[in-house]
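1. Kindly generate the corresponding structure for this input.
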Amino acid sequence: MDRHPYSYPSLYSLPFSETLLPVTWCSSWLVFGACIGIVYLFRKNRSDVFDRGIAAALFAQFLCILSFFALAQRYTADLYPFLIFCFAVFLRAGALAWQRGVMAGLIAVSIVVNFLATACWSGSDGNLPRETRVFWNAVVGKTPAGSSQQK
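-> Sure thing, here's the model as predicted:
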């Protein structure tokens, strides 16, 4: 993963772009469970006013933080407290058989995506020891910068 140019740099709070994994890929299982939890928040027999108040406060917190940091994508992670709370509402209600199957699949996808993303950027992270970078470059099949393939 490398930095890349982007249009309209004045819209972003940071002077460079970042390559990031969206929440929907790295935590798709959490988003799925939270979406069902949000539905449960609006059902009378699944949640109460206290649950709805906590969810509203966490979502308001997310909106305030995100509006401060403009369009910097990495701050969408501030949505996690709201998602985790809604996921807890989902877990408290109990998952149906089909929901458990979907969750298992999404967790597997999340594991693979996070592993591959880590492998991709770890090979070029200058803060890691050389041996670690060489290992991760071998995993993703990348030639380290500055090395030659001469025999």
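2. which residues touch the residue nearest the centre of the chain?
-> Closest to where the C-alpha atoms of the chain average out (CA atoms, centre = their mean) is Val23, at 3.0 Å. Residues counted as contacts of Val23 (CB atoms under 8 Å, 6 or more residues apart in numbering) are 30-31, 76-77, 79-80, 83. To be clear about C-beta, it is placed using only N, CA and C from the backbone, and glycine gets the same treatment.
3. Next one: it from Leu106, what distance?
-> As defined by CB to CB, to the nearest Å, Val23 lies at a distance of 12 Å from Leu106.
4. Next: Ile65.
-> Ile65 is 26 Å from Leu106, by CB to CB.
5. before we move on, back to that, mark which of the contacts of Val23 are buried, thanks.
-> Among those, those classed as buried by 16 or more other CB atoms under 10 Å are 30-31, 79-80, 83.
6. next helix or strand past the top helix by length along the chain?
-> In terms of residue count, the longest helix belonging to the chain (DSSP state H) is helix 97-122. Counting by DSSP states H and E, the element after helix 97-122 in chain order, helix or strand, is helix 130-140.
7. okay, that following helix in CSV with CA atoms only?
-> C-alpha atoms of helix 130-140 as CSV (Å, rounded to 0.1, in the frame of the first residue of the first chain):
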residue,chain,number,x,y,z
ARG,A,130,14.6,-5.8,8.2
GLU,A,131,13.9,-9.6,8.7
THR,A,132,10.3,-8.9,9.4
ARG,A,133,9.9,-6.8,6.3
VAL,A,134,11.6,-9.4,4.2
PHE,A,135,9.2,-12.1,5.6
TRP,A,136,6.1,-10.0,4.8
ASN,A,137,7.4,-9.1,1.4
ALA,A,138,7.9,-12.8,0.7
VAL,A,139,4.3,-13.5,1.9
VAL,A,140,2.8,-11.0,-0.6
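8. which helices and strands does that helix pack with?
-> Helix 130-140 sits against helix 97-122, with contacts defined as 3 or more CB pairs under 8 Å, 6 or more residues apart in numbering; DSSP states H and E.
9. The helix it packs on vs helix 130-140, what angle?
-> The directions of helix 97-122 and helix 130-140 differ by 130 degrees, with axes from the mean of the first three to the mean of the last three CA atoms, to 10 degrees as the criterion.
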